[in-house]
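> Any chance you can model this:
(one chain, ligands or ions: 1)
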Amino acid sequence: MRDIAADLMITSSCSSLRLAGSCLDPRFNLALSFLDGPGRAYVGSVLSGAGGEMASKLFLAAYASGHELGTSTMLVNSMLRCFGLDLPSYVCVGAVDMTSHARPTPEIRTFSTSTFEVDAEGALLLEGLVTDAESVALAERGDLVVDVENVDTLEPREAFFRLEAVGDELVVRVIAFQFPEALGPVRVRLLDGSAIMRRAEDAAQALDRWIRLAKSARVLTEDIDELVGVLQYTRHTLRSFQSRSWWASGTADAIASRTQSVLELAREVRGRILAELISGCAGGFWLTNAWMHGEFRNETISRGRCPVCGTASIERILRNPAGESRFVVVCGRDGIMLDTEPGGAIQDLDVRFSDVGGADRLGYAVTVDVQRDPSVMSPIVVRAAISTPGRAEVPCRPAEVVLESGDSIAEFSFELDEDQRPNTHSVKVLAATDREIAFAARKVSTSGHVVAPPSPRPSTR
Ligand SMILES: [Zn+2]
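Modelled structure (predicted):
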């Protein structure tokens, strides 16, 4: 070591600095041997030396930016501490105030927003103080994630942060670095890591929901194994991110992109399930049938009043061992009226219809008023079918209505052939958010007059 013609050395290795004599020959005390030669200062770890390449990069970026040797070492220790990687273990021996004199010590700017861009053109190290209240609150809760990328190349840049008190005020100090190339123009984003994980978990739960419905309704049976595989892989990936004490730049976007693809897959699966179920609804299928294949059991049974005919109805809450539950209303006269998730986003489905048949044709106009929890932003997909047991499907126009947040009315029309004039039809409706499904059915008279629920109406016989 004493023969190395350098004035400074950092060794990012376990126990790379021994302060006292060790069991090894003194020549293998790297620090003392190096300082015996032309070297003026030595930096190493007295512990495990966690930090590896990042620690070396940060040290070199800080030192080359004009920070004193002691400050550069302290920054490495800060990063270990802030990331929760290790104890601050790097020690500097020798001329702690030496500098590279290559550049002046970079200025520290203050930013008031959670996202900002800095043209750090030739800089290796960027320090900023962020006063944005939400970012400070996230850091206090342990939910803050800092992501830095080059604006032009979108390449991630190394970064870490620390919550600090400046006077009476808490601020987030962000430190981004790169070595040996410069940072370039960078975009710094302070993000809510727990919200990113929540959205990812919601998408996984949406996919899980549709897989479980497909199983209990016995549809898409050939695809179930593959979908379960995607879900397991997604959950495994999410757990691996959740267990890390910090996210490298780029991680948040990687999770968001995975979230989006899982959500799109869940919506595609939902679409296929709805198409299968609505086709069954044209026959003898009721959504409540699907739960019977699962492990749903009656939890409570109470008396209610049918929303259409006003006679006594039975209201059941069903629950399965996984904790899923259903609220099912059955009228003695009208059959199953409603099947929803208790406390869910779709609170009720009000189905109204009018007979628009003329002299030469028979048809229905069906209006579904979806009573939704206004706080749920997920679009709601609505499909409808006319149940004509034993007969062909009646075309529904449009096949599907998507209600964006704020919309609640879906309108459909059905046109029947002359030979489809049975005594009684039912209108069946399925409505679904990203992770919830609801069902409603109404008996409908085809006698040629307009039927106006919900006032009590005469028997269809
Ligand atoms: Zn009724």
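> Can you list the buried residues in the helix or strand where Met74 lies?
If you go by DSSP states H and E, Met74 is part of helix 69-83. Neighbour-count burial for helix 69-83, with 16 or more other CB atoms under 10 Å as criterion, is recorded at 69, 71-80, 82-83. Backbone N, C-alpha and C define where each C-beta goes, glycine included.
> and if you look at stretch 370-389?
Buried residues in stretch 370-389, counted by 16+ other CB under 10 Å: 370, 372, 376, 378, 380-388.
> Report the residue ranges of every domain in the chain.
The record's domain parsing of the chain by automatic domain parsing lists 8-94, 109-194, 195-272, 282-445.
> any idea how far the longest one is from the chain center?
How far domain 282-445 lies from its chain's middle: 30 Å, per CA atoms, centre = their mean, to the nearest Å.
> Next, see if it gets close to the ion.
Yes. Counting by CB under 5 Å from the ion, the ion has neighbours in domain 282-445: 306, 308-309, 331, 333-334.
> Filter the residues you listed down to just the buried residues.
For those, buried by 16+ other CB under 10 Å: 306, 308-309, 331, 334.
> Turn those residues into a markdown table, including distance to Met98.
Shown next, in a markdown table, are those (distance: CB to CB, whole Å):
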| residue | distance to Met98 |
| --- | --- |
| Cys306 | 87 |
| Val308 | 87 |
| Cys309 | 91 |
| Cys331 | 87 |
| Asp334 | 88 |
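> Dump these into a markdown table; add secondary structure and pLDDT as well.
Listed next are those as a markdown table, based on DSSP: H, G, I helix; E, B strand; the rest coil; pLDDT from 0 to 100:
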| residue | secondary structure | pLDDT |
| --- | --- | --- |
| Cys306 | coil | 86 |
| Val308 | coil | 81 |
| Cys309 | coil | 83 |
| Cys331 | strand | 91 |
| Asp334 | coil | 83 |
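> Name the nearest of the buried residues of helix 69-83 relative to Ala139.
Ala139 lies nearest to Cys82 out of the buried residues of helix 69-83, by CB to CB, at 10.1 Å.
> picking that back up, what helices and strands are in contact with the helix holding Met74?
strand 41-45, helix 52-64, strand 90-94, strand 156-166, strand 169-177 (3 or more CB pairs under 8 Å, 6 or more residues apart in numbering; DSSP states H and E).
> how much does the last one deviate in direction from helix 52-64?
Comparing the axes of strand 169-177 and helix 52-64 via axes from the mean of the first three to the mean of the last three CA atoms, to 10 degrees yields an angle of 100 degrees.
> what mean pLDDT does strand 169-177 have?
Mean pLDDT, strand 169-177: 96.
> Following the chain onward from it, which element is next?
By DSSP H and E, the next helix or strand past strand 169-177 is strand 184-192.
> Buried by neighbour count: which residues of that next one qualify?
Buried-residue list, strand 184-192, by 16+ other CB under 10 Å: 184, 186, 188-192.
> returning to what we had before: of all the residues of domain 282-445 next to the ion, which two lie farthest apart?
For the residues of domain 282-445 next to the ion, with distances taken as CB to CB, the pair at the greatest spread is Val308 and Arg333 (8.5 Å).
> how near is Phe177 to the ion?
Using CB to the ion, to the nearest Å, one obtains 70 Å as the distance from Phe177 to the ion.
> Quickly list what that residue is bridged to.
Leu125, Glu158 (DSSP bridges).
> what sits against it?
The neighbours of Phe177, taking CB atoms under 8 Å, 6 or more residues apart in numbering as the test, are 57-58, 61-62, 124-126, 157-159, 183.
> And Leu238, by the same measure?
Going by CB under 8 Å, 6+ apart, Leu238 touches 197, 200-201, 204, 255.
> can you tell me the helix or strand for it?
helix 224-242.
> any idea how far that helix is from the chain center?
On CA atoms, centre = their mean, the centre of helix 224-242 falls 13 Å from the chain's centre.
> on that earlier part again, from the contacts of Phe177, pick out the ones that also neighbour the ion.
Within these, nothing lies near the ion by CB under 5 Å from the ion.
> Quick check: of those residues, which lies closest to the ion?
Nearest to the ion among the contacts of Phe177 is Ala159, at 62.8 Å by CB to the ion.
> Tell me if I'm right that that closest one and Glu149 touch.
No. Using CB atoms under 8 Å as the test, Ala159 is too far from Glu149 to be in contact (9.5 Å).
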